[in-house]
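[1] got a predicted model here, sequence first, then my questions.
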Amino acid sequence: MGKYQIVFHWTDGTDEVDDNDGAYYDSEEEAEETALYYLSCCKQGAETLEMSNPGDYPYNEEDFEDDEFDVEEVD
């Protein structure tokens with residue numbers, strides 16, 4: 001049985017591997033659920049920052065439209 005990791009592909013063109021403090025996910029479903037949760041947290045956090053100080057933290061929903069992820073099996 002394999003282990004899984006998440007690779008995020010952000011709208012700004014950067015990629016980021018969720019190293020999860022060196023731990024991997026036990027199932028593909030667990031990794032996918034975690035990735036979806038992380039993406040929703042990023043969007044919600046940006047909305048909250050914009051509400052607290054719109055001048056410093058403008059929120060644009062389009063900034064999150066192309067955020068994606070892949071779940072990869074690791075050895």
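    Cool, the structure landed.

[2] what ranges do the strands span in this protein?
    Listed in chain order, the strands found in the chain under DSSP state E are 3-9, 15-18, 68-74.

[3] contact partners of the first one?
    Contact with strand 3-9 is made by 15-20, 24-28, 30-31, 34-35, 38-39, 66-75, as judged by CB atoms under 8 Å, 6 or more residues apart in numbering. (Glycine included, C-beta is placed from N, CA and C.)

[4] derive a PyMOL selection command for the buried subset of these.
    Filtering these down to the buried ones (16 or more other CB atoms under 10 Å) takes a single PyMOL command:
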select buried, resi 18+24+25+31+34+35+39+67+69+71
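
[5] please tell me how far residue 23 sits from residue 5.
    9 Å (CB to CB, to the nearest Å).

[6] more neighbours: the two, which one.
    Per other CB atoms under 10 Å, whichever of residue 23 and residue 5 has more neighbours is residue 5, with 18 against 9.

[7] got CSV for the strands of the chain, with distance to residue 46 and mean pLDDT too?
    Below are these laid out as CSV (distance: least, CB to CB, whole Å; pLDDT from 0 to 100):
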stretch, distance to residue 46, mean pLDDT
strand 3-9, 15, 95
strand 15-18, 16, 93
strand 68-74, 17, 95
